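Student: quick one, structure for this:
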Amino acid sequence: MARYIGPKSKIARKFKEPIFGADKALEKKNYPPGQHGLAKKRAKQSEYAVQLQEKQKAKYTYGILERQFAKLFNTAARAKGITGEVLLQLIESRLDNVVYRMGIAPTRSGARQLVSHKHITVNGSIVNIASYILKAGDVVAVREKSKSLENIGNTVAAASNKYSWIDFDAKNLTGKFISAPERSQIPENIKEQLIVELYSK
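Tutor: Take a look at the predicted model:
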C-alpha cells in the first residue's frame, strides 16, 4: 500500500500546523524548514502556489496520495452540493479516517495499519481497504480476535475527542457511522475552496 513515509516534522513546519499530531519540532521551530530559516526572505506566493499548498496540506493531513485525491475530487464534482464540502465529506467518510475519529488508533496512519492488517470490520465483515467509503448507518468495529490488543485498548482509554456524526461504544469497540459530517463539524483547518479553484484551472 503506497503511503507517505518521509520526514513528518518538515512537512508540519512547512504548513506551520501539527498536521500529523503533536510535534515538538514544530513547537521549537515554528517557521518553514530551509538552510537560512527565519533569515530567508520569502517572496510573495502566487495564487497557484497558495492553491497548490492547500491541496498538499489536505493530502498530508488525511494521508491520501495524488491519484486517490484526484478521484475523490472528480466524485465530489459530479455530486450534488458544494464541491469543496462534498470533497471533505467523502474524505471524512473513508474507513481509515473514521477508525481514527473513533479513537481506536492515535493517528490516521495507525488507523490505516489496523485496517490493512484486518483488525477492522464493517457491518460484520472484515474490510482491509483503508479508502473504503462508509455509508450512513454502517457499523464499524474491532474484530473480535483483535479486541485484546493492548495498543487498541490504551488508545481508546486515552481518547477524548467525540464527534456527533459517530456513535462509538468504547466498551465493545463498536461504532456507527451516523452520516457524513457537515463542514462546520470538521475540525481540520483546510480552505477547500482553494482546492476547487486549483482543479478548476
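
Student: residue 191 touches residue 54, doesn't it?
Tutor: Yes. At 5.3 Å, residue 191 counts as touching residue 54 under the criterion of Cβ atoms under 8 Å. Every residue, glycine included, has its C-beta placed from N, CA and C.

Student: more neighbours: which of those two?
Tutor: residue 54 (20 against 15; other Cβ atoms under 10 Å).

Student: the more buried one looks like it's in a helix, true?
Tutor: Yes. Using DSSP: H, G, I helix; E, B strand; the rest coil, the assignment for residue 54 is a helix.

Student: skip the chain neighbours and tell me the closest residue to it.
Tutor: Spatially, and ignoring its direct neighbours in sequence, residue 54 is nearest to residue 194 (4.1 Å; Cβ to Cβ, 6 or more residues apart in numbering).

Student: so how far is the helix or strand the one you found falls within from its chain's centroid?
Tutor: Secondary structure from DSSP states H and E places residue 194 in helix 192-199. Average the C-alpha atoms of helix 192-199, do the same for its chain, and the two points are 18 Å apart (Cα atoms, centre = their mean, to the nearest Å).

Student: and it, what does it pack onto?
Tutor: In terms of contacts (3 or more Cβ pairs under 8 Å, 6 or more residues apart in numbering; DSSP states H and E), helix 192-199 is packed against helix 47-62, helix 66-78, helix 83-92.

Student: deepest in the core, which of those is it.
Tutor: Greatest average neighbour count among the helices and strands packed on helix 192-199 goes to helix 83-92 (a mean of 22), per mean count of other Cβ atoms under 10 Å.

Student: other residues contacting it?
Tutor: Outside helix 83-92, the residues that touch it by Cβ atoms under 8 Å, 6 or more residues apart in numbering are 58, 62, 64, 72-73, 75-77, 79-80, 97-98, 101, 133, 165, 180-181, 183, 186, 188, 190, 192-193, 195-196.

Student: again, only using 6 Å
Tutor: 62, 72-73, 76-77, 79, 180-181, 183, 186, 192-193, 196 (Cβ atoms under 6 Å, 6 or more residues apart in numbering).

Student: just the strands in this structure please.
Tutor: Assigned by DSSP state E, the chain shows strands spanning 120-122, 125-126, 139-142, 166-169, 174-177.
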